[in-house]
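A.B. asks: Fold the following, please.
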Amino acid sequence: MPKPRFANRAMIIGLDAPIVPRLYEYAMNGDLPTIRSLIDRGVFAKNCLVPFPTITPPNWTTIVTGAWPGTHGITCFNVHVPGTPLDQTHPGFDTADCDAEYIWNAIARAGKRSVLVNYPSSWPPKLDNGVQIGGFGLNPNEWRHGGLPMRCDIADDQVFSTDDYPEGTTIELDDASDWANAPEGSALEAELPLQYRRANKPVEPVTWHMLVVDSSGQGYDTVIVAESRDAANAMATLKVGEWSDILDREFQVDGGSQRARFRMKLMELSPDADQFRLYVTALGALDGWAYPDDVAAKVRSDEGIPLPRPGYHALLMEWIDPETWLELIEMAHTWLADATTSLLASEEWDLYATHIHTPDHWYHTYPREVDPATAESDEQAEYYQGVERKFYQSIDRALAKIFEYADDETLIVMTSDHGAKVTLQPFPVADVLEEAGLLVHKPAAEGESSQVDWSKTKAIQQRSCYVYVNVKGRDPDGIVEPGEEYEAVCDQIIEALTSYKDPETGKPAVALALRREDARILGLYGERIGDVVYAINADFGGQHGPQLPTAKWGIGSLEGLFLMAGPNVKQGCLLERTVNLPDIVPTVCYLCNWPVPAHAEGGIIYQALEDPNALQQERDKLARNYGRLKRAYESDRALTHTYNE
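C.D. replies: Predicted coordinates for the structure are as follows:
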């Protein structure tokens, strides 16, 4: 059977911040059979460049609009609205900030229907024809809208312990009393008042009750958690290292009732009960994150939980270990795959788009431990690379479930917003500007942080890669005159940035510094970027953001992922040409014969196609067939007309 020339459906699968050479190595070694299969039957780009800055919201928006950040307007993780104070921004996850047309709206003009699952910066929904889960943050139940910090639908994860942990709940164990149906053996008890940290809306207080039991006379070894002092109605009975079953409960949220799913794990319990730690996952709401609202009821998952930031915060706070984190991300990936298959099975669809944030969370947590160049030992690097391999394997298993809904006529694209690298020397932009006399702070009172003195400040750093001039008439506290003074300040900024060298190594921090009008070469332009745009070298800064898309250090790489398989796509091809993220939408639309979004600026990746001229050949064929039909019709009409006369 000949391979289809065009696709009738498309899947866009996004991974956030994978280190692409690592992913490729694991796939080719056989650790990731699903991704390996795509590589074998498709095209893998050796040089995929993401837009600058190398950061999340703008680049996911570029992928589904085909537009550079200067065009769609989301120019960093946060957005600055021109004319507002220069230190005021808001998260770039709101579709109201996007000035470009999304692919799902373009194809809706042709009657095509889309399913979006956890695709960042796609909320509030602008879908003309389709359904959607999430898009208001990086994971379901995670909200990053407006000027507020990250919020959860009900509550982030939490820990109860006899030790003090950052943001943990410290408890004291007392002799148990007034418990019904308590097991034999000595027992201690404690109340577990739930903490609704980062809750999006007010949640009514709930307190659980816990028994710590010495079941065999050898020391405390069992924990019973219940909603009342009745062990017969326990939510969980746990020994160290054990998870509870998945639990569903109703919570009173903002005057209404909302159902949530969660689990708990006993992390630590010493025989004398002096050391105790119980981890509770986030309370994953089972609705409130879908469009239309009734779509949530179609999701079925027996083993998954819609977790916001699955385990990431707990890792940072040292509540859990990496092995527990792997268990959490497996729950999250399972839910994501089950939500996807529920919708792909129940909805008509032509385009499916999703995003998995796991790599980004991992590389933000343990970048130094993974890279042999910065790990404390070979053994440490080997251990953390083993965890790295396992989380990619978890993603691979989720993709295997999703790809069951991809037939021979489905185009599959895997991509990413950026890569990651190890955290290295900081680049103190504010200090550099202060030393140049461009940024001035007021004297700080004891115990307080210093505030910007806008009456003397000519320039201020903002977001990941911008410096703004404090312009009179444009900015609320502007002091710099437009014209010659403005130009002179821009020169001072560029000179200060490019002259800086790290005092320890002597290395320059800045790879380039450009005026706003020159930053068009990076796809940045318009009023939503700074007056000066700068990028730092790979030897500096955190995992991604102000570094260029070509930055590499150790095992890290900021380059993006592009892997494509399906109709009219070459098989087993390692593509040498540069692929830019704006190229994805035009290529998908070409291969599916769909309308192209109005603001798409990328080009079709012809070198990835088996037959780059297939569409033209189809048009030529239609033209030939139409010509035959027209000539036959005209000949027949002429003959009939003559006969009738």
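
A.B. asks: so where do the strands sit in the stretch 151-300 of the chain?
C.D. replies: Counting by DSSP state E, counting those that start in this stretch, the stretch 151-300 of the chain has strands at residues 151-152, 158-161, 169-170, 174-175, 187-193, 207-213, 222-226, 234-238, 247-253, 256-262, 264-269, 276-280, 284-285, 290-291.

A.B. asks: rounded to a whole number, what's the mean pLDDT of the host helix or strand of Asp431?
C.D. replies: Taking DSSP states H and E as the definition, Asp431 sits inside helix 429-435. Computed over helix 429-435, the mean pLDDT rounds to 97.

A.B. asks: again, but for stretch 148-162
C.D. replies: 93.

A.B. asks: now the end-to-end length of that stretch.
C.D. replies: The first and final residues of stretch 148-162 sit 32 Å from each other (Cα to Cα, to the nearest Å).

A.B. asks: one step back: among the strands of the stretch 151-300 of the chain, which is nearest Ile320?
C.D. replies: Smallest distance to Ile320 across the strands of the stretch 151-300 of the chain (Cβ to Cβ): 5.6 Å, for strand 276-280. Placement of C-beta: from N, CA and C, glycine included.

A.B. asks: Show residues contacting the closest one.
C.D. replies: With contacts defined as Cβ atoms under 8 Å, 6 or more residues apart in numbering, strand 276-280 is touched by 157-163, 165, 171, 173, 192, 194, 210, 212, 223, 225, 238, 262-270, 314, 319-320, 324.

A.B. asks: ranges for the helices of the stretch 501-645 of the chain?
C.D. replies: Taking DSSP state H, counting those that start in this stretch, the helices of the stretch 501-645 of the chain run over residues 584-592, 614-644.

A.B. asks: If I average pLDDT within each of those helices, which one is lowest?
C.D. replies: Among these, helix 614-644 carries the lowest mean pLDDT (a mean of 70).

A.B. asks: gap between Asn593 and Asn568?
C.D. replies: Distance of Asn593 to Asn568, computed by Cβ to Cβ, to the nearest Å: 11 Å.

A.B. asks: Name the residues of the helix holding Asp431 that are buried.
C.D. replies: Residues 429, 432-433 are the ones in helix 429-435 that count as buried (16 or more other Cβ atoms under 10 Å).

A.B. asks: Now distance to Thr505 too, for these, in JSON lines please.
C.D. replies: Below are the buried residues of helix 429-435 laid out as JSON lines (distance: Cβ to Cβ, whole Å):
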{"residue": "Val429", "distance to Thr505": "18"}
{"residue": "Val432", "distance to Thr505": "16"}
{"residue": "Leu433", "distance to Thr505": "21"}
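
A.B. asks: what's the closest of those to Ile536?
C.D. replies: Looking across these and measuring by Cβ to Cβ, the closest to Ile536 is Val429, at 9.0 Å.

A.B. asks: Can you name the residues that contact the closest residue to the closest one other than its chain neighbours?
C.D. replies: Nearest residue to Val429 in three dimensions, chain neighbours excluded: Gln461, at 4.2 Å (Cβ to Cβ, 6 or more residues apart in numbering). Contacts for Gln461 (Cβ under 8 Å, 6+ apart) come out as 429-430, 433, 439, 467-468.

A.B. asks: Surely Gln461 is within a strand?
C.D. replies: Yes. Counting by DSSP: H, G, I helix; E, B strand; the rest coil, Gln461 is part of a strand.

A.B. asks: circling back to that earlier point, which one of the strands of the stretch 151-300 of the chain has the lowest average pLDDT?
C.D. replies: Checking each of those, the one with the poorest mean pLDDT is strand 151-152, at a mean of 92.

A.B. asks: if we look at it, which residues are touching it?
C.D. replies: 141-144, 197-200, 282-283, 308.

A.B. asks: Pull the distance from that strand to the chain's centre.
C.D. replies: 15 Å (Cα atoms, centre = their mean, to the nearest Å).

A.B. asks: same question, stretch 588-604
C.D. replies: On the basis of Cα atoms, centre = their mean, stretch 588-604 sits 24 Å off its chain's mean C-alpha point.

A.B. asks: Contact partners for Lys472?
C.D. replies: For Lys472, the contact set (Cβ under 8 Å, 6+ apart) comprises 478-482.

A.B. asks: whoops, Arg144 was the one
C.D. replies: By Cβ under 8 Å, 6+ apart, Arg144 lies in contact with 91, 93, 136-138, 150-151.

A.B. asks: and of those residues, the nearest to Tyr486?
C.D. replies: Nearest to Tyr486 among the contacts of Arg144, counting by Cβ to Cβ, is Pro91 at 29.3 Å.

A.B. asks: For the closest one, which non-adjacent residue is spatially closest?
C.D. replies: Closest residue to Pro91 apart from its sequence neighbours, by Cβ to Cβ, 6+ apart: Arg144 at 4.4 Å.

A.B. asks: pretty sure Met332 contacts Pro310?
C.D. replies: Just so we're on the same page, residue 332 is Ala rather than Met. Yes. With contacts defined as Cβ atoms under 8 Å, Ala332 counts as touching Pro310 at a distance of 4.0 Å.

A.B. asks: anything in contact with each of the two?
C.D. replies: By Cβ under 8 Å, 6+ apart, the residues touching both Ala332 and Pro310 are 139, 358.

A.B. asks: Figure out the length between the terminal residues of stretch 155-172.
C.D. replies: By Cα to Cα, the extent of stretch 155-172 from end to end equals 23 Å.

A.B. asks: So which bits of it are buried?
C.D. replies: For stretch 155-172, the neighbour count (16+ other Cβ under 10 Å) marks 155-162, 165, 167-169, 171 as buried.

A.B. asks: Tell me where the stretch 301-450 of the chain has helices.
C.D. replies: According to DSSP H, counting those that start in this stretch, the helices that the stretch 301-450 of the chain contains are 312-316, 322-346, 358-365, 367-370, 378-402, 429-435.

A.B. asks: ok, and which of the ones you listed has the densest surroundings?
C.D. replies: Burial of these is given as mean neighbour count (mean count of other Cβ atoms under 10 Å); helix 358-365 ranks first at a mean of 23.

A.B. asks: who's in contact with it?
C.D. replies: Residues contacting helix 358-365 (Cβ under 8 Å, 6+ apart): 15-19, 56, 138, 309-312, 315-316, 329, 332-333, 370, 387-388, 391-392, 394-395, 420, 542-543.

A.B. asks: what's the angle from that helix to helix 378-402?
C.D. replies: Counting by axes from the mean of the first three to the mean of the last three Cα atoms, to 10 degrees, helix 358-365 lies at 160 degrees to helix 378-402.

A.B. asks: between helix 358-365 and helix 322-346, how many degrees?
C.D. replies: Put simply, helix 358-365 runs at 160 degrees to helix 322-346, going by the same axes, to 10 degrees.

A.B. asks: Quickly check the contacts of Gln461 for the two that are furthest apart.
C.D. replies: The most widely separated members of the contacts of Gln461, counting by Cβ to Cβ, are Ala430 and Tyr468 (12.7 Å).

A.B. asks: wait, what's in contact with the residue lying closest to Asn233 once chain neighbours are set aside?
C.D. replies: In this structure, Asn233 finds its nearest non-sequential neighbour in Ala226, 5.6 Å apart by Cβ to Cβ, 6+ apart. Listed by Cβ under 8 Å, 6+ apart, the contact set of Ala226 reads 208-211, 233-235.

A.B. asks: and the two most separated of those residues?
C.D. replies: Using Cβ to Cβ, the two most remote members of these are Met210 and Asn233, lying 13.2 Å apart.

A.B. asks: the more surrounded of the two?
C.D. replies: Legend: neighbour count by other Cβ atoms under 10 Å for Met210 and Asn233, higher for Met210 (24 against 12).

A.B. asks: mind checking which helix or strand of this structure has the lowest mean pLDDT?
C.D. replies: Within the chain, no helix or strand scores below helix 614-644, which has a mean of 70 by mean pLDDT, DSSP states H and E.

A.B. asks: The residue nearest to Val429 bridge partners, please.
C.D. replies: With DSSP bridges as the criterion, Gln461 is bridged to Val467.

A.B. asks: how many neighbours does the closest residue in space to Tyr606 that isn't next to it in sequence have?
C.D. replies: Spatially, and ignoring its direct neighbours in sequence, Tyr606 is nearest to Pro612 (4.0 Å; Cβ to Cβ, 6+ apart). For Pro612, the neighbour count with other Cβ under 10 Å is 14.
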